[in-house]
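# sequence below, structure please.
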Amino acid sequence: MLDLALYDRVRLNPRPPVQRLIADGFLRWDYRKVDLRVEGLERIPATPVIYAMNHTDNFNYWPFQYSLHCAFQRYTATWVKGKNYEGTISSAFMRWTNNIPVASRGYVITRDFIDTVGRKPRPEEYRALREAVDALEPVQGSVPSEVLERKRDMLGRTFDPARESYEQAVDGLMQQLNERFVEKNRRALAIGLDVLVFPQGTRSRRLSRGHIGLAQVALATGATIVPVGCSGSDGVYTSRSFVAKPGAITYRVGEPMLPSEWADVAPSEPFVPFDRADEALHRDAFQAVVDRVMERIDGLVDEPYRFSDDRCSEGSQGADRFV
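Down below sits the predicted model:
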């Protein structure tokens, strides 16, 4: 599972052997039945970048990674939800394939609830806990007493109700998790890896509004963002199976978005990525950056994948998003 210790076990490799083995030993054979096209590879700068891509299915990053491997022997570190580290085998696979676990309040609330109570939180329980953590205010509503009152290890950090409230404990844990997350992104770029991000945060055929994490990491590292539109992968990967079905996938690589593109909206003062106070102060600026990236992606995908009318995700909701 995703906890503080997991970040210490993540070892990023500029030439990840398991990514290369999958590409040459499996995907080269599996993609013989796939019409895979990548338009605009020549636009990718020589220095490490952050790719921002729409997220249509479980594996729509694999064909793109395969294309980078074949064209440039170039590799990525991909942001992956904490729930993908549930289980010994899946966690090991995620670490061996150069992924960076993404910490989120939703995951922490849900995983800790399961560890403490032995089941997933009901929608109303999750909502009460999430609202308290988001506002850093006492929990309103009915939740099991042990969640608020039992001393325990909370994903690597001790929670002692005699010294702090539940919402303060989650907030303190998130600070530590996010520090490690940002450090892994800096490390990836420093050793020559590209970073691959799905700004939507969850799978959805239609493009939805992006989350501000992308902007915070890009602004903090000074990295160039390269928008990428993916069309057709959900017809090739129709389930949780990693075996491709016959079909066509098209990636379109957009023009690189240099740090200078955010000069008119980016914060003019230093900030700490994912810091609660800095997020509140600069949220509009972060969202403006991500909105520009998502608009670029919208212009790179076929019509069935473009923005929905309300720009909302078609993906899962509530605690089901996290475990």
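
# where are the low-confidence patches of this structure?
The model of the chain has pLDDT under 70 over residues 314-323.

# neighbours of the closest residue to His69 other than its chain neighbours, how many?
What sits nearest to His69 in space, not counting adjacent residues and going by CB to CB, 6 or more residues apart in numbering, is Ala23, at 4.5 Å. For glycine as for every other residue, the C-beta is placed from the backbone atoms N, C-alpha and C. Ala23 is flanked by 21 other residues according to other CB atoms under 10 Å.

# could you verify my assumption that Ala23 touches Gln65?
Yes: using CB atoms under 8 Å, Ala23 is in contact with Gln65, at 7.3 Å.

# tell me the contacts of Leu300?
Taking CB atoms under 8 Å, 6 or more residues apart in numbering, we find Leu300 in contact with 227-229, 252-254.

# can we see that at 10 Å?
Leu300 makes contact with 39-40, 53-54, 207, 227-231, 250-254, 306 under the criterion CB atoms under 10 Å, 6 or more residues apart in numbering.

# assumed it was part of a strand.
No: counting by DSSP: H, G, I helix; E, B strand; the rest coil, Leu300 falls outside a strand, being coil.

# that one and Pro63, how far apart?
Note on Leu300: its distance to Pro63, by CB to CB, to the nearest Å, is 15 Å.

# Leu207 contacts Asp291, correct?
No: using CB atoms under 10 Å, Leu207 makes no contact with Asp291, being 11.7 Å away.

# helix, strand, or coil at the residue nearest to His69?
Here Ala23 is helix, with the state taken from three-state DSSP.

# got it, and Pro48?
Look at Pro48: counting by three-state DSSP, its state is coil.

# one more: Arg74?
coil.

# and the closest residue to it other than its chain neighbours, its phi and psi?
Using CB to CB, 6+ apart and skipping the chain neighbours, the partner closest in space to Arg74 is Leu68 (4.5 Å). In terms of degrees, to the nearest 10, the main-chain angles of Leu68 are phi -60, psi -40.

# what sits against Leu68?
By CB under 10 Å, 6+ apart, the neighbours of Leu68 are 19, 23, 38, 41, 44, 51, 74-76, 194, 196.

# could you dump those into TSV and include distance to Ser145?
Shown next, in TSV, are the contacts of Leu68 (distance: CB to CB, whole Å):
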residue	distance to Ser145
Gln19	46
Ala23	51
Val38	54
Leu41	56
Ile44	54
Tyr51	45
Arg74	52
Tyr75	48
Thr76	44
Asp194	47
Leu196	42
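
# now the residue located most distally from the centre of the chain: how far from Asp234?
Of all residues in the chain, Ala162 has its C-alpha farthest from the mean position, at 34.1 Å, by CA atoms, centre = their mean. Remark: distance between Ala162 and Asp234 (CB to CB) = 50 Å.

# same check on Ile44?
Distance, Ile44 to Asp234, by CB to CB: 24 Å.

# once you drop chain neighbours, what's closest to Arg95?
What sits nearest to Arg95 in space, not counting adjacent residues and going by CB to CB, 6+ apart, is Val10, at 5.6 Å.

# next one: Ser165
Computed as CB to CB, 6+ apart, the closest residue to Ser165 that is not its neighbour in sequence is Pro138, at 6.7 Å.

# the one you found contacts Leu148, doesn't it?
Yes: using CB under 10 Å, Pro138 is in contact with Leu148, at 9.1 Å.

# comparing those two, which residue is more hemmed in?
Taking other CB under 10 Å, Pro138 and Leu148 do not tie; Leu148 has more neighbours (18 against 10).

# isn't the more buried one right up against Ser142?
No: look at Leu148 against Ser142 with CB under 10 Å: they stay out of range, at 11.1 Å.

# any idea whether Glu146 is helix, strand or coil?
Under three-state DSSP, Glu146 comes out as helix.
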